[in-house]
Structure formats: structure tokens, C-alpha cells
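Chemist: Give me the fold of what follows.
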Amino acid sequence: MKIIFYSLLAFSINATGQNLVPNPDFEGVISSTCGIDGDLESSLEDWNNPNTATPLAYYTSIDEACYNYQPLSTYPGPIGIKGNQAPHSGEVMVGLWIYTIPDLNQRQYVQVELTENLVVEEQYIVSFYTSLADNIEYGATGLGAYLSTDAPSIGTDGVLDFDAQVVSTEVILETEDWVLISDTITATEAMGYITIGHFNDDAATTLMANETASGEPGTYGAYYFVDDISVELFIDASAINENEIEKDLMNAFLDPTTNILNVGLIDENKKTSIQLYNSIGQIVYSNDAISESNIQISMASLESGLYILKCENDGVVQTIKIVK
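Modeler: Reported below is the predicted structural model:
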């Protein structure tokens, strides 16, 4: 199974396994910077820079006049603000140049060692959120995640020439909301590092003009904000007894013979709503007037792939990944 999952869902996805990425939301800050340049390794815990280009961390908690304040910096110039965006979660995010000037092949990356190596032949869900900087010249293909046994590096600001296991093959032009890029991979080695960035050269990159580009100095190329990176052990809900995945609000079991998704509510006495989303964020089932504790949802007419089951009860939200 290979699914690239682009979603504009407004809720966060609960992990089916422990997130192996340390400081996944960049909230572990060593020392926040103010300005156009910043040393990633002395700014953020755990993360490092595998080439000589310098990714920039953006903060909501620094002075508004700082270049890297977000979401609405009052920095006066001379370098143009790349875009206005609040972090997907918390107060910190990073920005990556994945394309600059044609044929220069300049790239920025962020890299971290996982808390434990992947287990060979196990499946993992790898995901991160991204948003195009709205003042930037282009959107581009190729933003992705590369998992490896060793930490790749290069002594220039150039391309890390590796085959990313999770990669955006479409041009992402979303500037207001966050896009979830997600894929399920099978570990072929005891991978212990994840690197986020762009792994193709300029010639293999598709560009598309950004309609909200400002044209100001420093807003050339393609630049993306990145947040909330995750590597989680994949658990197939169709192969697990429903009692084994019981969580705070509900448990779920997909019967592979009937394609019936059985949902059990832990507390049906409170106002509860359930929605089932497909891999592009569309609601394929919704029930806001639940009066029983056990619900059956037919998935027979739905395509095979990744779905998100969301349950909300008295202001608490839980989600479960379902794979048909």
C-alpha cells in the first residue's frame, strides 16, 4: 500500500504508536533567535542541519519586529517576509527553501535521530505538516522525508541525492491551511534518522507560480513552513480485536469480510458526534445524533486506502486511523 495523504483537516491525529521523532513540533527550544539568520542546532533541541544551508526557526513568542516572528512580522526590510503563518501547533515551526534560483540546486533540510531504530519489515506511518509561504514565488514538487540508517550530510548547500520514501509528487500551493503529507512505509533496514527537505535537483522539480507572491527581495524560489513531524508504528485496525485498541472515547474494528466498521462508544450518555474522512479530507460518513453505544458503518462502497475516524464528545476529540 502506498498512499500520499494530503489533508486540510483542522484536528490533530492521535498516534497508533509512539512517535519516534524527538522534539517533533520544535517546541524544545534551546535559544530563540531574532533575525534572518539562525543556527538551527543552537536554537532547537535534537535537530541538526545536514548541509551548509541554514534553515530558519520561526516563533510566535519573540519580538514582532523580528524577521522570523510569526504570524505577522512587522520587520521593515530590506529582505521581504516570505509569508505569514501560525505554527500548526505550539509556538515554533521551521522554514525550508526547497528551490532557489534555477540551476543553483540549493536546498535546506532539517534532520534528527529517532528515539529508536525502525524494526525491519515492520510498517510505519511517516508524516509531517507543511504550508507554502504565501509571499514566495513558486510552489514545487518534491518536499519529502528520507529515513536512513546513517545521518546523510554534504559539505555544501546542495541537494542530498537520496530517494525519499515519503514525498509530495504534486505541487503544494496551499498558503492558508496546513497540508498533511503522510505515507505508510515498510522498514527495509534498521533506520535511525529522518531528514526533511527536497531530494531532487532543479531539473527534476516541477514549479507552479504562486498567485499570492509579493515579488519583494528574498521571496524568489519555493519556500515551505514545516511542523509536527511523526514516525509511528503502523497498526492495522482491521487486524486487531476491538478491545485492544480501546481509547478514551471509542474503539473501532473493521471487519475485512463484510467491510463493516464497528464503532463502540465508551460513554453514549454525553453528546457525541462521529465523522469518517477519506484520504483527501472529505467526510464520507457523519452522525451527530447518536443514541446508541454501538454503531456500524458500511465501508463496502468506499475505495481501499487510509481513512480517519473522528469522535468528539463534550469537547474532547479522539481520532483513529482506519485502513481498508
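
Chemist: so what's Thr60 up against?
Modeler: Tyr69, Gln70, Pro71, Ala86, Pro87, Glu91, Val92 (Cβ atoms under 8 Å, 6 or more residues apart in numbering). Where you see a C-beta, it was placed from the backbone N, CA and C, and this is true even at glycine.

Chemist: Correction: the previous question concerned Val284.
Modeler: Contacts for Val284 (Cβ under 8 Å, 6+ apart) come out as Leu276, Tyr277, Asn278, Leu302, Tyr307.

Chemist: how about those residues in TSV, adding pLDDT?
Modeler: Below are the contacts of Val284 laid out as TSV (pLDDT from 0 to 100):
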residue	pLDDT
Leu276	90
Tyr277	86
Asn278	80
Leu302	87
Tyr307	85
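
Chemist: between the contacts of Thr60, which is closest to Phe234?
Modeler: Using Cβ to Cβ, Pro87 comes nearest to Phe234 of the contacts of Thr60, at 26.1 Å.

Chemist: Leaving out chain neighbours, which residue sits closest to that closest one?
Modeler: Counting by Cβ to Cβ, 6 or more residues apart in numbering, Pro87 lies nearest to Met93, which is 4.1 Å off, once chain neighbours are set aside.

Chemist: residue ranges of the strands in the stretch 151-300 of the chain, please?
Modeler: 166-167, 179-186, 193-198, 207-209, 222-233, 250-255, 260-265, 272-277, 283-287, 294-298 (DSSP state E, counting those that start in this stretch).

Chemist: what about stretch 73-80, how long is it end to end?
Modeler: Using Cα to Cα, to the nearest Å, the end-to-end distance of stretch 73-80 comes to 11 Å.

Chemist: tell me the mean pLDDT over that stretch?
Modeler: Mean pLDDT, stretch 73-80: 94.

Chemist: quick one: buried residues of it?
Modeler: The neighbour-count check on stretch 73-80 (16 or more other Cβ atoms under 10 Å) flags Ser73, Tyr75, Gly80 as buried.

Chemist: Identify the residues contacting the first one.
Modeler: The one in question is Ser73. Glu64, Ala65, Cys66, Tyr67, Ile81, Asn84.

Chemist: picking up where we left off before, from Asp63, how far out is the residue nearest to Pro87?
Modeler: Met93 sits 17 Å away from Asp63, going by Cβ to Cβ, to the nearest Å.

Chemist: Neighbour count for the two, which is higher?
Modeler: Shown here are Met93 and Asp63; by other Cβ atoms under 10 Å, Met93 has more neighbours (28 against 12).

Chemist: my read: that one touches Glu27, true?
Modeler: No: using Cβ atoms under 8 Å as the test, Met93 is too far from Glu27 to be in contact (9.8 Å).

Chemist: Assumed Gln111 was part of a helix.
Modeler: No: assessed by DSSP: H, G, I helix; E, B strand; the rest coil, Gln111 does not belong to a helix; its assignment is strand.

Chemist: beta partners for it?
Modeler: Asn48, Thr195 (DSSP bridges).

Chemist: so what's it up against?
Modeler: Gln111 sits in contact with Trp47, Asn48, Asn49, Pro50, Ala151, Pro152, Tyr193, Ile194, Thr195, Ile196, where contact means Cβ under 8 Å, 6+ apart.

Chemist: Can you add pLDDT and give those residues back as a markdown table?
Modeler: As requested, the contacts of Gln111 are exported to a markdown table (pLDDT from 0 to 100):
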| residue | pLDDT |
| --- | --- |
| Trp47 | 98 |
| Asn48 | 96 |
| Asn49 | 95 |
| Pro50 | 97 |
| Ala151 | 97 |
| Pro152 | 96 |
| Tyr193 | 98 |
| Ile194 | 98 |
| Thr195 | 98 |
| Ile196 | 98 |
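
Chemist: Give me the buried entries from those residues.
Modeler: The neighbour count (16+ other Cβ under 10 Å) marks Trp47, Asn48, Asn49, Pro50, Pro152, Tyr193, Ile194, Thr195, Ile196 as buried among those.

Chemist: so where's the protein uncertain?
Modeler: Within the chain, the stretches with pLDDT under 70 are 1-17, 235-248, 267-270, 279-281, 315.

Chemist: In the record's domain split, what are the boundaries for it?
Modeler: Here the domain parsing of the chain from automatic domain parsing is 40-233, 237-323.

Chemist: Just name the most buried of the ones you listed.
Modeler: For these, the largest average neighbour count (mean count of other Cβ atoms under 10 Å) is found in domain 40-233, namely a mean of 19.

Chemist: Could you work out the end-to-end span of that domain for me?
Modeler: Start-to-end span of domain 40-233 (Cα to Cα) is 28 Å.

Chemist: and what of stretch 92-111?
Modeler: Using Cα to Cα, first and last residues of stretch 92-111 are 16 Å apart.
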